[in-house]
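1. With the input below, show me the fold.
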Amino acid sequence: MKNNAVKIVIIGIISLLLISGINPISSKNVSSNMEYSEVTGFSNGNDTTPPIVKLIKPDKELYINNRAIMGLSTPTLIGGIDVIAEVSDNESGIKMVNFYIDGQLRDTAYVPPYKWTWNERIFLGHTVKVEAYDNNDNRAEDSDSVFIFNFFPQTKFGTIKGQVIGGLFNLSIPGVKITVQSGSFERFTFTKRIPLINRGCFVLRLPPGRYLLTLEKNRFVTQQSDIRVFLDDNEYLNFELEIA
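-> Got it, this is the predicted structure:
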């Protein structure tokens with residue numbers, strides 16, 4: 001066991017020296033045309049069966065900046081990584097999935113994909129845990145011990161883009177103010193105006209995280225949605241506004 005731990009440390013140090021300054025963490029693109037909001041699902045009073053949850057990433061691999069390189073007996077991470085859970089419940093449905101590091105809650109996902117980007121200055125041994133609840137509050141968890149060497153976390157971005165439609169004929173709406181907020185962070189843009197090219201479309205590049213997105217325009221009902229942005233992902237979000 002000690003020899004294995006020494007090998008892991010050596011691999012981590014060598015890999016860190018090789019990759020320092022290159023290849024920022026990247027994740028597989030996930031596209032969605034769904035509108036993001038907290039999903040409460042439904043309750044089945046007869047459901048007493050816990051959901052099925054499995055921590056599928058990190059697995060027993062050496063990861064360098066989120067990419068699996070080779071198999072190892074212990075998950076070993078060089079740089080940041082997307083923590084991904086595979087979750088299902090065939091009775092009352094999934095209510096939420098929590099992500100923990102060493103018992104500390106770091107993020108909660110209410111809709112698929114159930115993942116969280118772990119990218120901070122941290123090293124040596126830690127425990128990654130995912131915890132799932134169904135809509136009857138039955139609980140299940142999965143966890144694993146990992147070695148991580150992330151001395152120089154890099155702030156990168158994800159992208160949200162899409163189109164806003166509405167009115168009597170559900171046409172594209174230009175000039176809609178789209179604001180995203182998370183704590184003290186705030187950024188906004190407006191939907192574009194050129195017919196047949198980008199009318200009603202928007203694009204925002206944001207750091208990974210959860211945001212409250214607000215859509216505002218005169219004569220339309222203001223709309224809000226909870227959204228999540230992942231590292232290097234393109235999320236396609238289309239919205240429909242109602243006339244006030």
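2. wait, what's in contact with the residue lying closest to P174 once chain neighbours are set aside?
-> Once flanking residues are discounted, P174 sits nearest to R193: 4.0 Å by C-beta to C-beta, 6 or more residues apart in numbering. C-betas here are computed from N, CA, C, even on glycine. The contact partners of R193, by C-beta atoms under 8 Å, 6 or more residues apart in numbering, come to P174, G175, R199.
3. possible to save those residues as TSV with distance to P208, pLDDT and neighbour count?
-> Output for the contacts of R193, formatted as TSV (distance: C-beta to C-beta, whole Å; pLDDT from 0 to 100; neighbours: other C-beta atoms under 10 Å):
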residue	distance to P208	pLDDT	neighbour count
P174	29	97	17
G175	28	96	13
R199	29	96	18
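4. Pick out whichever of those sits closest to P113.
-> R199 (30.1 Å; C-beta to C-beta).
5. thinking the closest one is in contact with K192, fair?
-> Yes. Between R199 and K192 there is a contact under C-beta atoms under 8 Å: 6.1 Å.
6. Report the beta-bridge partners for the closest residue to R139 other than its chain neighbours.
-> Using C-beta to C-beta, 6+ apart and skipping the chain neighbours, the partner closest in space to R139 is Y133 (5.4 Å). Under DSSP bridges, the beta-bridge partners of Y133 are M96, R139.
7. Common neighbours of R199 and K192, please.
-> P174.
8. about what we covered before: count the residues that sit near the residue nearest to R139.
-> Neighbourhood size, Y133 [other C-beta atoms under 10 Å]: 22.
9. Now do it against V53, distance only.
-> 10 Å (C-beta to C-beta, to the nearest Å).
10. Domain-wise, how is the chain divided?
-> 2-32+53-150, 158-241 (automatic domain parsing).
11. Tabulate these in a markdown table, adding columns for distance to N46.
-> Formatted as a markdown table, these follow (distance: least, C-beta to C-beta, whole Å):
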| stretch | distance to N46 |
| --- | --- |
| domain 2-32+53-150 | 8 |
| domain 158-241 | 30 |
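12. So which of those domains is nearest D47?
-> Of those, nearest to D47 by C-beta to C-beta is domain 2-32+53-150, at 4.0 Å.
13. Compute the first-to-last residue distance for stretch 95-113.
-> Start to finish, the residues bounding stretch 95-113 are 13 Å apart (C-alpha to C-alpha, to the nearest Å).
14. go on, stretch 87-104?
-> First-to-last residue span, stretch 87-104, C-alpha to C-alpha: 20 Å.
15. Identify all contacting residues around it.
-> 40-44, 46-47, 49, 51-54, 83, 85, 105-110, 114, 116, 118, 126-138, 143.
16. buried subset of those residues?
-> 41, 47, 51, 53, 83, 85, 106-110, 114, 116, 118, 128-136, 138 (16 or more other C-beta atoms under 10 Å).
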